[in-house]
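**Q** Next come a sequence and a model predicted from it.
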Amino acid sequence: MRSRFAWFGAFIAAGVFALSTGVGFAQDTKEEKKDRDVFNYEAQKSAKDAKRIVFIADKGTHGARGNHEFVAAAVYLARTINDNYPNAYATVHTTGNWPKDLSFADSVVVLLNHGGPAADNKHVQEAMKRGAGFVAIHYGVEVNKGNQGKNYLEWMGGYFEPFWSVNPHWTANFKDIPKHETTRGVKPFSTNDEWYYHMRFVDDMKGVTPILSDLPSVKTIAGGKDKAQSHGGNPDAYKAVEAGKAQVVAWAYERADGGRGFGFTGLHKHDNLGLESVRTLLANAVAWSAKLPVPETGVRTTPLDRSGLQQLIDDGDLAKKRGH
(Lines give C-alpha, C1' and ligand atoms only; values in the text may rest on other atoms or scores of the structure.)
Protein backbone atom coordinates (compact mmCIF):
# COMPACT_ATOMS: atom_id res chain seq x y z
CA MET A 1 0.00 0.00 0.00
CA ARG A 2 2.78 2.37 0.91
CA SER A 3 4.51 1.92 -2.48
CA ARG A 4 1.20 2.43 -4.30
CA PHE A 5 0.54 5.68 -2.45
CA ALA A 6 4.13 6.77 -3.05
CA TRP A 7 3.71 6.15 -6.78
CA PHE A 8 0.41 8.05 -6.83
CA GLY A 9 1.98 10.97 -4.95
CA ALA A 10 4.88 11.12 -7.38
CA PHE A 11 2.45 11.11 -10.31
CA ILE A 12 0.46 14.01 -8.85
CA ALA A 13 3.64 15.93 -8.07
CA ALA A 14 4.84 15.49 -11.65
CA GLY A 15 1.51 16.76 -12.93
CA VAL A 16 1.67 19.82 -10.69
CA PHE A 17 5.22 20.52 -11.86
CA ALA A 18 4.20 20.22 -15.50
CA LEU A 19 1.33 22.62 -15.03
CA SER A 20 3.37 25.13 -13.05
CA THR A 21 6.20 25.23 -15.57
CA GLY A 22 3.95 25.21 -18.63
CA VAL A 23 5.47 21.99 -19.91
CA GLY A 24 2.86 19.48 -20.97
CA PHE A 25 3.40 15.75 -21.04
CA ALA A 26 2.73 15.56 -24.78
CA GLN A 27 5.44 18.12 -25.48
CA ASP A 28 8.06 15.86 -23.95
CA THR A 29 7.52 12.93 -26.29
CA LYS A 30 10.15 11.98 -28.83
CA GLU A 31 7.54 12.10 -31.58
CA GLU A 32 6.62 15.68 -30.64
CA LYS A 33 10.23 16.81 -30.68
CA LYS A 34 10.81 15.11 -34.01
CA ASP A 35 7.72 16.61 -35.59
CA ARG A 36 8.33 20.12 -34.31
CA ASP A 37 12.07 20.40 -34.87
CA VAL A 38 12.82 24.07 -35.54
CA PHE A 39 15.45 23.08 -38.11
CA ASN A 40 13.32 20.57 -40.06
CA TYR A 41 12.55 22.77 -43.04
CA GLU A 42 11.03 20.04 -45.19
CA ALA A 43 8.61 19.04 -42.43
CA GLN A 44 7.52 22.65 -42.07
CA LYS A 45 7.05 23.10 -45.81
CA SER A 46 4.87 20.00 -46.05
CA ALA A 47 2.88 20.71 -42.90
CA LYS A 48 -0.84 20.80 -43.65
CA ASP A 49 -3.37 23.17 -42.12
CA ALA A 50 -0.65 24.95 -40.14
CA LYS A 51 0.48 28.53 -39.84
CA ARG A 52 4.10 28.46 -40.93
CA ILE A 53 6.51 30.99 -39.47
CA VAL A 54 10.08 31.42 -40.71
CA PHE A 55 12.74 33.03 -38.53
CA ILE A 56 15.88 34.41 -40.19
CA ALA A 57 18.63 35.13 -37.66
CA ASP A 58 22.05 36.65 -38.15
CA LYS A 59 25.02 34.39 -37.47
CA GLY A 60 27.12 37.38 -36.47
CA THR A 61 27.02 38.68 -32.91
CA HIS A 62 28.22 42.04 -31.59
CA GLY A 63 31.07 42.26 -29.14
CA ALA A 64 31.16 40.02 -26.09
CA ARG A 65 29.00 36.95 -25.53
CA GLY A 66 25.44 37.97 -24.72
CA ASN A 67 25.08 40.73 -27.33
CA HIS A 68 23.10 40.25 -30.54
CA GLU A 69 22.52 36.57 -29.80
CA PHE A 70 19.92 36.49 -32.52
CA VAL A 71 20.06 32.78 -33.36
CA ALA A 72 19.56 31.94 -29.68
CA ALA A 73 16.53 34.25 -29.44
CA ALA A 74 15.06 32.89 -32.67
CA VAL A 75 15.41 29.31 -31.46
CA TYR A 76 13.67 30.18 -28.20
CA LEU A 77 10.76 31.98 -29.88
CA ALA A 78 10.31 29.30 -32.54
CA ARG A 79 10.20 26.59 -29.88
CA THR A 80 7.72 28.66 -27.90
CA ILE A 81 5.37 28.92 -30.88
CA ASN A 82 5.62 25.19 -31.57
CA ASP A 83 4.99 24.33 -27.92
CA ASN A 84 1.88 26.51 -27.72
CA TYR A 85 0.22 26.02 -31.09
CA PRO A 86 -0.49 22.56 -32.50
CA ASN A 87 -1.64 24.30 -35.70
CA ALA A 88 1.60 26.23 -36.22
CA TYR A 89 5.12 25.32 -37.27
CA ALA A 90 8.07 27.68 -36.80
CA THR A 91 11.60 27.09 -38.08
CA VAL A 92 14.89 28.96 -37.83
CA HIS A 93 17.31 29.76 -40.64
CA THR A 94 20.59 31.52 -40.02
CA THR A 95 21.98 34.01 -42.52
CA GLY A 96 24.40 31.28 -43.57
CA ASN A 97 21.42 29.28 -44.82
CA TRP A 98 19.01 31.94 -46.03
CA PRO A 99 15.65 30.41 -47.06
CA LYS A 100 15.27 30.07 -50.81
CA ASP A 101 11.53 29.45 -50.67
CA LEU A 102 9.04 31.50 -48.64
CA SER A 103 6.01 30.78 -50.82
CA PHE A 104 4.37 28.95 -47.90
CA ALA A 105 5.32 31.40 -45.11
CA ASP A 106 2.53 32.98 -43.10
CA SER A 107 5.01 35.24 -41.32
CA VAL A 108 8.69 36.11 -41.62
CA VAL A 109 10.62 37.16 -38.50
CA VAL A 110 14.05 38.75 -38.90
CA LEU A 111 16.76 39.27 -36.29
CA LEU A 112 19.60 40.75 -38.34
CA ASN A 113 22.64 42.98 -38.11
CA HIS A 114 20.87 45.42 -40.45
CA GLY A 115 17.58 44.66 -42.14
CA GLY A 116 18.76 45.51 -45.67
CA PRO A 117 19.17 41.88 -46.79
CA ALA A 118 15.54 41.19 -45.84
CA ALA A 119 14.21 44.36 -47.45
CA ASP A 120 16.02 43.53 -50.70
CA ASN A 121 15.29 39.80 -50.75
CA LYS A 122 12.90 38.78 -53.53
CA HIS A 123 11.51 35.85 -51.55
CA VAL A 124 10.63 38.09 -48.60
CA GLN A 125 9.13 40.63 -50.98
CA GLU A 126 6.97 37.98 -52.63
CA ALA A 127 5.79 36.71 -49.24
CA MET A 128 4.77 40.25 -48.27
CA LYS A 129 2.83 40.66 -51.51
CA ARG A 130 0.85 37.57 -50.50
CA GLY A 131 -0.01 39.24 -47.20
CA ALA A 132 2.41 37.36 -44.94
CA GLY A 133 3.21 38.92 -41.59
CA PHE A 134 6.56 40.58 -40.91
CA VAL A 135 8.40 41.06 -37.62
CA ALA A 136 11.77 42.77 -37.19
CA ILE A 137 13.74 42.73 -33.95
CA HIS A 138 16.53 45.08 -32.85
CA TYR A 139 19.06 45.84 -35.62
CA GLY A 140 16.68 44.07 -37.99
CA VAL A 141 14.47 47.20 -37.88
CA GLU A 142 17.19 49.35 -39.51
CA VAL A 143 17.29 49.75 -43.27
CA ASN A 144 18.50 52.45 -45.62
CA LYS A 145 16.30 55.28 -46.79
CA GLY A 146 14.96 54.65 -50.28
CA ASN A 147 13.63 51.35 -51.60
CA GLN A 148 14.54 49.50 -48.41
CA GLY A 149 12.74 52.04 -46.27
CA LYS A 150 9.75 52.01 -48.60
CA ASN A 151 9.44 48.25 -48.23
CA TYR A 152 9.67 48.40 -44.45
CA LEU A 153 7.05 51.13 -44.26
CA GLU A 154 4.73 48.91 -46.30
CA TRP A 155 5.49 45.78 -44.29
CA MET A 156 5.55 47.04 -40.71
CA GLY A 157 4.73 50.74 -40.75
CA GLY A 158 8.07 52.03 -39.50
CA TYR A 159 11.81 51.53 -39.38
CA PHE A 160 15.12 52.92 -38.12
CA GLU A 161 16.25 55.48 -40.67
CA PRO A 162 19.89 56.61 -40.48
CA PHE A 163 20.29 60.37 -39.96
CA TRP A 164 16.76 60.44 -38.48
CA SER A 165 16.62 57.74 -35.79
CA VAL A 166 19.00 57.24 -32.84
CA ASN A 167 20.30 54.12 -31.10
CA PRO A 168 21.49 54.80 -27.54
CA HIS A 169 21.66 52.44 -24.59
CA TRP A 170 19.29 53.66 -21.89
CA THR A 171 16.94 52.41 -19.21
CA ALA A 172 13.36 52.65 -20.42
CA ASN A 173 10.48 52.52 -17.97
CA PHE A 174 7.33 51.19 -19.59
CA LYS A 175 4.70 52.18 -17.06
CA ASP A 176 1.65 52.15 -19.32
CA ILE A 177 1.06 49.09 -21.48
CA PRO A 178 -1.71 49.71 -24.04
CA LYS A 179 -4.47 47.20 -24.63
CA HIS A 180 -3.71 45.16 -27.75
CA GLU A 181 -3.54 41.49 -28.68
CA THR A 182 0.25 41.64 -28.55
CA THR A 183 0.27 43.03 -24.99
CA ARG A 184 -1.86 40.33 -23.38
CA GLY A 185 -0.09 39.16 -20.25
CA VAL A 186 2.54 41.91 -20.54
CA LYS A 187 3.07 43.85 -17.33
CA PRO A 188 4.84 47.20 -16.87
CA PHE A 189 8.60 46.75 -16.74
CA SER A 190 11.86 48.64 -16.84
CA THR A 191 15.18 47.56 -18.31
CA ASN A 192 18.37 48.83 -19.87
CA ASP A 193 18.84 48.01 -23.52
CA GLU A 194 19.79 49.63 -26.79
CA TRP A 195 16.30 50.99 -27.34
CA TYR A 196 16.26 52.71 -30.73
CA TYR A 197 13.87 55.65 -31.03
CA HIS A 198 12.70 58.54 -33.20
CA MET A 199 11.72 55.97 -35.79
CA ARG A 200 10.47 56.81 -39.28
CA PHE A 201 6.79 55.94 -39.44
CA VAL A 202 4.09 56.01 -42.11
CA ASP A 203 2.24 59.31 -42.50
CA ASP A 204 -0.05 60.12 -39.57
CA MET A 205 0.91 56.76 -38.00
CA LYS A 206 -1.96 55.27 -39.99
CA GLY A 207 -2.37 51.63 -39.02
CA VAL A 208 0.35 51.89 -36.34
CA THR A 209 -0.35 51.12 -32.67
CA PRO A 210 2.45 52.18 -30.30
CA ILE A 211 3.16 49.26 -27.96
CA LEU A 212 6.17 50.35 -25.87
CA SER A 213 6.85 54.05 -25.35
CA ASP A 214 8.86 56.17 -22.94
CA LEU A 215 10.53 59.56 -22.81
CA PRO A 216 14.32 59.22 -22.81
CA SER A 217 16.66 61.80 -21.39
CA VAL A 218 17.96 64.27 -23.94
CA LYS A 219 21.40 63.11 -22.79
CA THR A 220 20.82 59.83 -24.62
CA ILE A 221 21.21 61.72 -27.90
CA ALA A 222 24.96 61.57 -28.46
CA GLY A 223 25.26 64.33 -31.04
CA GLY A 224 23.73 66.01 -34.03
CA LYS A 225 21.97 68.91 -32.36
CA ASP A 226 22.92 71.18 -35.24
CA LYS A 227 23.64 68.61 -37.96
CA ALA A 228 22.28 65.09 -38.34
CA GLN A 229 24.54 62.14 -37.64
CA SER A 230 23.84 58.67 -38.97
CA HIS A 231 22.98 57.20 -35.56
CA GLY A 232 24.00 59.69 -32.91
CA GLY A 233 21.27 62.28 -33.28
CA ASN A 234 19.71 65.06 -35.29
CA PRO A 235 17.93 68.37 -34.67
CA ASP A 236 14.49 66.79 -35.05
CA ALA A 237 15.23 64.13 -32.44
CA TYR A 238 16.39 66.80 -30.02
CA LYS A 239 13.24 68.85 -30.57
CA ALA A 240 10.98 65.85 -30.04
CA VAL A 241 12.63 64.80 -26.77
CA GLU A 242 12.97 68.34 -25.43
CA ALA A 243 9.25 68.84 -26.13
CA GLY A 244 8.46 65.82 -23.94
CA LYS A 245 7.21 63.61 -26.76
CA ALA A 246 7.29 59.95 -25.73
CA GLN A 247 9.32 57.82 -28.11
CA VAL A 248 7.92 54.61 -29.57
CA VAL A 249 10.32 51.68 -29.38
CA ALA A 250 7.91 48.85 -30.25
CA TRP A 251 4.81 48.96 -32.41
CA ALA A 252 2.19 46.87 -34.18
CA TYR A 253 1.03 47.61 -37.72
CA GLU A 254 -2.08 46.54 -39.61
CA ARG A 255 -1.54 46.86 -43.32
CA ALA A 256 -4.17 47.86 -45.83
CA ASP A 257 -3.87 44.41 -47.45
CA GLY A 258 -4.70 42.71 -44.16
CA GLY A 259 -1.11 41.73 -43.40
CA ARG A 260 0.42 42.48 -40.03
CA GLY A 261 3.80 43.86 -39.02
CA PHE A 262 5.60 44.34 -35.73
CA GLY A 263 8.77 46.21 -34.82
CA PHE A 264 10.74 45.76 -31.59
CA THR A 265 13.91 47.80 -31.17
CA GLY A 266 15.29 46.17 -28.02
CA LEU A 267 17.08 42.83 -27.45
CA HIS A 268 20.63 43.99 -27.98
CA LYS A 269 21.12 42.35 -24.60
CA HIS A 270 20.30 38.65 -24.61
CA ASP A 271 19.73 38.77 -20.84
CA ASN A 272 16.53 40.72 -21.41
CA LEU A 273 14.90 37.49 -22.60
CA GLY A 274 14.99 36.66 -18.92
CA LEU A 275 12.22 39.21 -18.36
CA GLU A 276 8.79 37.64 -18.57
CA SER A 277 7.17 40.70 -20.15
CA VAL A 278 9.80 40.82 -22.91
CA ARG A 279 9.36 37.12 -23.68
CA THR A 280 5.57 37.36 -23.63
CA LEU A 281 5.46 40.44 -25.85
CA LEU A 282 7.76 38.93 -28.45
CA ALA A 283 5.94 35.58 -28.48
CA ASN A 284 2.59 37.36 -28.73
CA ALA A 285 3.87 39.52 -31.58
CA VAL A 286 5.11 36.56 -33.59
CA ALA A 287 1.82 34.70 -33.12
CA TRP A 288 -0.23 37.81 -33.93
CA SER A 289 1.77 38.50 -37.10
CA ALA A 290 0.77 35.06 -38.41
CA LYS A 291 -2.85 35.62 -37.32
CA LEU A 292 -2.72 32.97 -34.64
CA PRO A 293 -5.05 33.64 -31.69
CA VAL A 294 -3.28 35.17 -28.70
CA PRO A 295 -4.57 33.88 -25.33
CA GLU A 296 -6.05 36.44 -22.94
CA THR A 297 -3.11 35.87 -20.60
CA GLY A 298 -0.57 35.92 -23.43
CA VAL A 299 1.42 33.16 -25.06
CA ARG A 300 2.91 30.93 -22.38
CA THR A 301 6.72 31.18 -22.20
CA THR A 302 9.24 29.04 -20.36
CA PRO A 303 11.13 31.00 -17.65
CA LEU A 304 14.81 31.61 -18.35
CA ASP A 305 17.32 31.83 -15.52
CA ARG A 306 21.05 32.48 -16.01
CA SER A 307 21.68 28.85 -16.90
CA GLY A 308 18.79 28.77 -19.38
CA LEU A 309 19.94 31.96 -21.10
CA GLN A 310 23.47 30.61 -21.47
CA GLN A 311 22.18 27.27 -22.79
CA LEU A 312 20.25 29.10 -25.48
CA ILE A 313 23.44 30.79 -26.65
CA ASP A 314 25.11 27.38 -26.79
CA ASP A 315 22.15 26.02 -28.78
CA GLY A 316 22.46 28.93 -31.19
CA ASP A 317 26.21 28.39 -31.61
CA LEU A 318 25.62 24.71 -32.32
CA ALA A 319 23.02 25.59 -34.96
CA LYS A 320 25.54 27.86 -36.69
CA LYS A 321 28.20 25.13 -36.69
CA ARG A 322 25.75 22.69 -38.23
CA GLY A 323 24.94 25.10 -41.04
CA HIS A 324 21.30 25.70 -40.22
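**A** Received it, and whenever you're ready, just let me know what you need.
**Q** Straight-line length of stretch 125-145, end to end?
**A** By CA to CA, to the nearest Å, the extent of stretch 125-145 from end to end equals 17 Å.
**Q** Show me where the stretch 1-150 of the chain has its helices.
**A** For the stretch 1-150 of the chain, applying DSSP state H, counting those that start in this stretch gives helices covering 2-21, 30-35, 41-46, 70-84, 116-120, 122-129, 147-156.
**Q** and residue 160, what is it in contact with?
**A** The contact partners of residue 160, by CB atoms under 8 Å, 6 or more residues apart in numbering, come to 141-143, 167, 196, 199-200, 265. All C-beta spots, glycine's among them, are computed from the backbone N, C-alpha and C.
**Q** In three-state terms, label the residue nearest to residue 163 when sequence neighbours are not counted for me.
**A** Of all residues not flanking residue 163 in the chain, residue 228 sits nearest, at 4.4 Å (CB to CB, 6 or more residues apart in numbering). Following DSSP: H, G, I helix; E, B strand; the rest coil, residue 228 is assigned to coil.
**Q** Residue 228: how many residues sit nearby?
**A** By other CB atoms under 10 Å, the residues close to residue 228 number 17.
**Q** what does residue 206 give?
**A** Neighbour number of residue 206 under other CB under 10 Å is 11.
**Q** Let me know the pLDDT of it.
**A** Confidence at residue 206, expressed as pLDDT, is 98.
**Q** what do you get for residue 63?
**A** On the pLDDT scale, residue 63 is placed at 86.
**Q** Kindly report the same for residue 196.
**A** Reported pLDDT for residue 196: 98.
**Q** Same question for residue 146.
**A** You'll see residue 146 listed with a pLDDT of 98.
**Q** wait, isn't the residue nearest to residue 163 in contact with residue 166?
**A** No. The pair residue 228 and residue 166 fails to qualify as a contact (CB atoms under 8 Å) at a distance of 10.0 Å.
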